[in-house]
Each structure stands twice: as C-alpha cells, then as structure tokens.
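Enquirer: would you be able to build a 3D model of this:
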Amino acid sequence: MAKKQRQKRRRDKRSGAAPTRRKPCPFCREKIDVVDYRNAEALRRFLSDKGKIRSSRVTGCCRRHQAQLARAIKRARELALLPYVIEK
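Expert: Residues are numbered from 1 along each chain as shown. Purely as a prediction, here's the structure:
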C-alpha cells in the first residue's frame, strides 16, 4: 500500500482584499501639530472599551502622531485624567 502524500497548500499571494487606500491621519487632517495630553475627551476616542491604546491600523494615525498619541495617553493616565483600566 502506498502512502498518500499530503498536498501542500499554497498561499496565493493575490488572495485576500485588494489593496485599499489608507485613511488619512485625523491629526494631519485637522492640521494638529502636537497631540495635547490635557484634552482627555479627544484622547478617549483612541482607547478601546477596556482602556487599551488602539493601534495605528485601527486609528488611522500616521507614525509620528501615533507616537505622540501614546505618550499623551500615558501622561494623562499619570495625572488621573484618563483611567488605566475601564471596568464594566
């Protein structure tokens, strides 16, 4: 009896969604140069329901503003403007 060889599945490089246009950075769109840690309401938009900082893929921020955003959220947490964890 011959052993059946498993067929290797090839991943098609073209499979999946077509490349889409990346959404513009909300800070670049509004021409905001520096993200302010004191604006807690604006920073809340970039937190998940558990209080985690959302990734740039989700928020659409450019690399520069995403770094400023993370720093601003951490500073706001230190000053108790934002919670570390949001419990339900």
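Enquirer: quickly find the element holding residue 67.
Expert: Following DSSP states H and E, the helix or strand that holds residue 67 is helix 63-78.
Enquirer: pick out the residue closest to the middle of this protein.
Expert: Note on the chain: the residue nearest the mean C-alpha position is residue 55, at 1.6 Å, using C-alpha atoms, centre = their mean.
Enquirer: follow-up on the earlier one: what's the helix holding residue 67 in contact with?
Expert: Contact partners of helix 63-78, identified using C-beta atoms under 8 Å, 6 or more residues apart in numbering, comprise 25-28, 32, 34-38, 40, 43, 46-47, 53, 56, 59, 61, 82-84. For the C-beta atoms, the positions are set from N, CA and C on the backbone; glycine is no exception.
Enquirer: what do you get if the cut-off is 10 Å, keeping everything else the same?
Expert: By C-beta atoms under 10 Å, 6 or more residues apart in numbering, the list of residues contacting helix 63-78 from outside reads 25-28, 32-40, 42-47, 51-57, 59-62, 81-85.
Enquirer: so what's the closest residue to residue 69 other than its chain neighbours up against?
Expert: Using C-beta to C-beta, 6 or more residues apart in numbering and skipping residues adjacent in sequence, the residue nearest residue 69 is residue 35, 5.2 Å away. Applying C-beta under 10 Å, 6+ apart to residue 35 gives the contacts 27, 42-43, 46, 61, 64-73, 75.
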